[in-house]
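**Student:** generate a structure from the sequence data that follows.
(one chain, ligands or ions: 1)
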Amino acid sequence: MDSFLSNLPLETITRVALRLIGSATLVLAIISWRYYSFRRRLPPGPRGLPLVGNLLEMPKSHPWLTHTELHKKHGPIFSMQFGTSTVIFLGTYGAARDLLEKRSNIYSSRPRSVMVGECISQGNRSLILPYGEQWRGYRRLQGSFLSPRMSNTYRELQDLESKQLVSEFLTRDDFFKRYHRYSSSLTFALAYGKRMPTGQEEEVKGVELIMDNLNNAFITNWIVDSLPFLNRLPKFMKPWQRIADFLGDEERDFFTMIRSGATQRRGYNWCKDILTMKEHKALTDTQLSYVIGNTYEAGADTTTMTLQVFTLACVLHQDKVKILQDEIDRVVGRDRLPTFEDTEKMPYLLAFVKEVHRWRPVLPGGVPHAVTEDDNYMGYHIPKGSTIVGGHWAISMDEELYPNPDKFEPERFLENPDLPFSQFGFGRRKCIGQYIGNNSMMINVSRMLWAYNITKGWEIVDGKKVEANVGRFDFVSGFNSPPLPFKAAFIPREDKVRDILQREFKQAEKSTEAILERIEKAQQILKEGEPTTAAA
Ligand code: HEM
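**Tutor:** This is a model prediction of the structure:
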């Protein structure tokens, strides 16, 4: 090669080199022109670079904080480009409602997820299914056992789990674990007909493992997600496929095993319930196992995290806790625990729970939707296939809707009971378990604060006992964003609280079968009055 070049006249080499540089410049100019003219039609946003877009500007942690700053600069809607993917961020409730709710016929899909959605879950996982017949089939089944009326039939089980939860704090303060036990046991009993009285049961650990694997797979940058065509290579050339096969087999076997156990149990559970609906016939056995497994996944962690945020709010906002305790004492008195009926007479409690959701959303980055048609909004082009993110954190911190947004102020929901909040998402993909979630929050918040003063915990520093530090912004950076571990103390409000908690838990019906049989009867009565199952 060297000798070939050295035989050419310098003039020729220079001409060829100049041509090459000229062609490369032209190609770059065309790519840049196409990139920037495409970007010009989109909602505003950081310019980025041709080919990579804004890939180099991805925040390393807590991306929702950066997105909120970008909304301050660019307004309620901005866009970013990650390789070939366009992502559009919505930072006000109005913009999210305009697109994700009012135009939900085209804004209800999910972005393509090659590794998790296609390779691991093989198109079975409900949360990331694209909008279409299969997702609608899942939603019809879920809508039938998670409707507001059906959700109220689960209250007896929530009552028992909540009595166990509140009495546990008489002897321990590991509230992260206690809340997790509550949510896992409640959801597992409804889904599979078996309570989890310790939280250490094999089934709880099995789902935890699946969730950990899934969360790790979600936050890993798989090359096949950036370059989906690689997934068409033969299997031996796809190293990620081996991992996906292992994780996929593990979760499929597990979901199938626990579902088969559930269909043998006495009394009500979701696995048995869906077999009574004609819609289940359109789905395969594996898909039915995923419908229930994924509902359990979606419900257990979100409720746990929201209870953790409630505890943080109590530790940091004793003045608001005092107002709520006065309301609880007025309605309930001091001789028994609050009931569901009591909670319906407590407007401040409802406002307090809504403010917990708004103040520190547990899915702060939002759950991405995808748009299935080209669209226009506020004069901007929204290309088909874009990812659309209603940012829960950005919306919660919108000063116009929530003045002094960092302040924990339940009063804002008292003054305006219709004030919206975004923590259950939007439109057709909106959280379908919100009624169970709300019932859990109302009963547990009222009982925890009826029983305890919740204050900062203690730690030993240099041999001295000091109040533990609690950060108002210390949250995990991930899809789920619970508070980082912190210490809290649960101090019974008076001596007799101990006896009352022990007595109420002792007297509560503990037979899961008996409770589930009553739920089954209550549901039968409701269904007899309902001609069809709830549709999405
Ligand atoms: C209080 C706690 C909860 C919070 C904050 C929460 C939040 C959310 C959010 C933000 C979404 C996505 C919405 C969207 O895409 O726009 C979602 C979806 C979902 N949630 Fe919840 N949720 C909670 C409790 C529950 C419970 C208790 C269940 C069931 C027992 C549940 C079942 C589901 C399901 C099945 C989906 C999937 C919807 C889809 O098909 O895409 N959630 N939830």
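
**Student:** interface residues of the chain facing the ligand?
**Tutor:** 126-127, 142, 146, 187, 295, 298-299, 302-303, 306, 362-363, 367, 423-426, 429-433, 436-437 (Cβ under 6 Å from any ligand atom). For the C-beta atoms, the positions are set from N, CA and C on the backbone; glycine is no exception.

**Student:** out of those residues, which are inside helices?
**Tutor:** 142, 187, 295, 298-299, 302-303, 306, 436-437 (DSSP state H).

**Student:** reformat those residues as JSON lines; add neighbour count and distance to Leu312.
**Tutor:** Conversion of these to JSON lines gives the following (neighbours: other Cβ atoms under 10 Å; distance: Cβ to Cβ, whole Å):
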{"residue": "Gln142", "neighbour count": "22", "distance to Leu312": "30"}
{"residue": "Thr187", "neighbour count": "26", "distance to Leu312": "23"}
{"residue": "Thr295", "neighbour count": "24", "distance to Leu312": "27"}
{"residue": "Ala298", "neighbour count": "18", "distance to Leu312": "22"}
{"residue": "Gly299", "neighbour count": "25", "distance to Leu312": "21"}
{"residue": "Thr302", "neighbour count": "22", "distance to Leu312": "16"}
{"residue": "Thr303", "neighbour count": "25", "distance to Leu312": "15"}
{"residue": "Thr306", "neighbour count": "25", "distance to Leu312": "11"}
{"residue": "Ile436", "neighbour count": "27", "distance to Leu312": "22"}
{"residue": "Gly437", "neighbour count": "22", "distance to Leu312": "18"}
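
**Student:** among these, which two are most distant?
**Tutor:** Distance extremes for these: the farthest pair is Gln142 and Thr306 at 19.6 Å, using Cβ to Cβ.

**Student:** mind listing the helices for the stretch 151-300 of the chain?
**Tutor:** 155-168, 175-192, 202-219, 223-226, 239-264, 270-275, 285-316 (DSSP state H, counting those that start in this stretch).

**Student:** which single residue in the stretch 201-350 of the chain comes nearest to the ligand?
**Tutor:** Here the residue of the stretch 201-350 of the chain nearest the ligand is Gly299; by Cβ to the nearest ligand atom that distance is 2.8 Å.

**Student:** wouldn't that residue be in contact with Gly437 here?
**Tutor:** Yes - Gly299 is in contact with Gly437 according to Cβ atoms under 8 Å; the separation is 7.1 Å.

**Student:** contact partners for Asp212?
**Tutor:** By Cβ atoms under 8 Å, 6 or more residues apart in numbering, Asp212 lies in contact with nothing.

**Student:** where in the stretch 151-300 of the chain is pLDDT low?
**Tutor:** Along the stretch 151-300 of the chain, no part satisfies pLDDT under 70.

**Student:** what sits closest to the residue most central in space within the chain if chain neighbours are left out?
**Tutor:** The chain has Leu363 as the residue nearest its centroid, 5.0 Å off, counting by Cα atoms, centre = their mean. Spatial nearest neighbour of Leu363, chain neighbours left out: His392 (5.9 Å); criterion: Cβ to Cβ, 6 or more residues apart in numbering.

**Student:** which stretches in the stretch 401-536 of the chain count as helices?
**Tutor:** Using DSSP H, counting those that start in this stretch, helices in the stretch 401-536 of the chain cover 411-415, 434-451, 496-507, 512-528.

**Student:** for the shortest one, which outside residues touch it?
**Tutor:** Just to be clear, that refers to helix 411-415. The set of residues that contact helix 411-415 without belonging to it, under Cβ under 8 Å, 6+ apart, is 347-348, 350-351, 354-355, 402-403, 419.

**Student:** please apply the same query to the last one.
**Tutor:** Contacts of helix 512-528 from elsewhere in the structure, counted by Cβ under 8 Å, 6+ apart, are 149-150, 153-154, 156-157, 160, 189, 193-195, 265-269, 273, 509.

**Student:** helices and strands of this structure: which one bottoms out on pLDDT?
**Tutor:** None of the helices or strands of the chain scores lower by mean pLDDT, DSSP states H and E than helix 2-7, at a mean of 65.

**Student:** which positions within the helix or strand just after that one qualify as buried?
**Tutor:** Proceeding N to C from helix 2-7, the next assigned helix or strand is helix 10-41, under DSSP states H and E. Buried residues in helix 10-41, counting neighbours by 16 or more other Cβ atoms under 10 Å, are found at 35, 39.

**Student:** same thing with stretch 388-407?
**Tutor:** Along stretch 388-407, these residues count as buried under the neighbour rule (16+ other Cβ under 10 Å): 388-398, 401-402, 405.

**Student:** for the nearest residue to Tyr131 once chain neighbours are set aside, the count of nearby residues, please.
**Tutor:** Among residues not flanking Tyr131 along the chain, Ser109 sits closest, at 4.0 Å (Cβ to Cβ, 6+ apart). Counted by other Cβ atoms under 10 Å, the residues lying close to Ser109 total 22.

**Student:** hmm, Glu168 and Phe175 touching each other?
**Tutor:** No - taking Cβ under 8 Å as the definition, Phe175 is not a contact partner of Glu168, at 9.0 Å.

**Student:** more neighbours: the two, which one.
**Tutor:** With neighbours defined as other Cβ under 10 Å, Phe175 and Glu168 compare such that Phe175 has more, 24 against 19.
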